[in-house]
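Peer 1: Need coordinates for the following:
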Amino acid sequence: MVTGIIIAAVLVGGVGLFIGLFLGIAGKKFAVEVDEKEILVREALPGNNCGGCGYPGCDGLAAAIAKGEAPVNACPVGGAAAAAKIGEIMGQEAGESVRMTAFVKCAGDCEKAGQSYEYTGVKDCKMAALMQNGGSKTCTYGCLGYGSCVKVCPFDAIHIVNGIAKVDKEKCKACGKCVAECPKKIIELIPYDQKQAVACSSKDKGKAVMSACEVGCIGCRKCVKECPKEAITVVDNVAHIDPEKCINCGKCKATCPRKIIV
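Peer 2: Numbers count the residues shown, from 1 in each chain. Next up, the predicted model:
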């Protein structure tokens, strides 16, 4: 009986030793070499894995940068600091990195925007957008206010306030997840330093806008005439500000009769 136990123990130990040796040899033989630069770049990235760079997480971006397929300043979360460090690793100039932030192009909160009906379904913007007229708001272009963008933000930078999404510029890392998630496509990335932006996305004509929302852009073009740098254009009945031309003088905001330039 004792002899059988000893034999079994020896056999099990021998098999375990053989498997261990086999795995060790196989691991060395079939090991995939990793570029040292890729490891260093990965360590320089913040590790949020938000996908804002367009690659599947920080590992994917690190591999792309190491191969020269992505610029050293591709990480929106790491910003200029990460870009400078990665530039040193890759022996490249990081270049100018403009800090961006998300901006919600809607100011039609519970007091200012009309409601066509009461929505009692799932509190999710994508679900609400499938309903009649694209949601319960009279303005079919406005923020639905059910927080789909809030759920996907990894930085707690966006919240629903009085029925519309509001972005905390200091917390926002411009990863773009809220931009991709919004079914109304009313969130965009703008320069952090941009002082004026049009908080409206409606393409309706002035009369329809005025009946739907107290503050919606009516395309009156007063801001266009007032801008000294021709930085504002009206396309599809709504004003747009070109951040490349805008000097943040504030004249457009002062002249807007709807106070929708914020």
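Peer 1: So Ser116 sits against Lys137, correct?
Peer 2: Yes - if you go by C-beta atoms under 8 Å, Ser116 and Lys137 touch, sitting 6.9 Å apart. For every residue, glycine as well, the C-beta is placed using N, CA and C.
Peer 1: out of these two, which sits in the busier spot?
Peer 2: A direct count of neighbours by other C-beta atoms under 10 Å for Ser116 and Lys137 places Lys137 higher, at 26 against 15.
Peer 1: OK, contacts around the nearest residue to the more buried one once chain neighbours are set aside?
Peer 2: Among residues not flanking Lys137 along the chain, Ala113 sits closest, at 5.4 Å (C-beta to C-beta, 6 or more residues apart in numbering). Counting by C-beta atoms under 8 Å, 6 or more residues apart in numbering, Ala113 touches 137-139, 142, 163, 212-214.
Peer 1: Just the pLDDT for Ala113.
Peer 2: pLDDT recorded at Ala113 is 94.
Peer 1: Specify the beta-bridge partners of it.
Peer 2: Going by DSSP bridges, Ala113 is paired in beta bridges with Cys213.
Peer 1: check contacts around the closest residue to Ala129 other than its chain neighbours.
Peer 2: Of all residues not flanking Ala129 in the chain, Pro183 sits nearest, at 4.1 Å (C-beta to C-beta, 6+ apart). Counting by C-beta under 8 Å, 6+ apart, Pro183 touches 125-126, 129, 144, 148.
Peer 1: Do you have the helices of the stretch 51-200 of the chain handy? List them.
Peer 2: 57-66, 79-90, 125-128, 148-152, 177-181 (DSSP state H, counting those that start in this stretch).
Peer 1: Which one of the ones you listed lies nearest to Lys37?
Peer 2: helix 57-66 (4.6 Å; C-beta to C-beta).
Peer 1: elements contacting the closest one?
Peer 2: Contact analysis of helix 57-66 by 3 or more C-beta pairs under 8 Å, 6 or more residues apart in numbering; DSSP states H and E lists helix 36-44, helix 79-90 as its packing neighbours.
Peer 1: Most neighbours among the contacts of Pro183, which one?
Peer 2: Ranking the contacts of Pro183 using other C-beta under 10 Å puts Leu144 first, with 29 neighbours.
Peer 1: so who does that one touch?
Peer 2: If you count contacts by C-beta under 8 Å, 6+ apart, then Leu144 has 125, 128-129, 135-137, 183-184 around it.
Peer 1: Would you mind giving me the confidence score for the closest residue to Ala180 other than its chain neighbours?
Peer 2: Nearest non-adjacent residue to Ala180, counting by C-beta to C-beta, 6+ apart: Val152, 8.0 Å away. At Val152, the predicted lDDT confidence score is 95.
Peer 1: residue contacts, Val152?
Peer 2: Contacts of Val152 by C-beta under 8 Å, 6+ apart are 177-178, 180-181.
Peer 1: so which of these comes closest to Ile158?
Peer 2: Among these, and counting by C-beta to C-beta, the member closest to Ile158 is Cys178, at 5.6 Å.
Peer 1: So the closest one is in contact with Asp156, correct?
Peer 2: No - using C-beta under 8 Å, Cys178 makes no contact with Asp156, being 11.7 Å away.
Peer 1: Compare neighbour counts for those two and give me the winner.
Peer 2: Taking other C-beta under 10 Å, Cys178 and Asp156 do not tie; Cys178 has more neighbours (25 against 10).
Peer 1: separation between the most centrally placed residue in the chain and Ser201?
Peer 2: Most central in the chain under C-alpha atoms, centre = their mean is Gly176, positioned 1.3 Å from the mean C-alpha point. Note on Gly176: its distance to Ser201, by C-beta to C-beta, to the nearest Å, is 17 Å.
Peer 1: With Leu45 instead?
Peer 2: Leu45 is 33 Å from Ser201, by C-beta to C-beta.
Peer 1: Kindly report the same for Pro56.
Peer 2: 30 Å.
Peer 1: the more surrounded of these two?
Peer 2: Ser201 (23 against 12).
Peer 1: from memory that one sits against Ala239, does it?
Peer 2: No - using C-beta under 8 Å, Ser201 is not in contact with Ala239, being 10.9 Å away.
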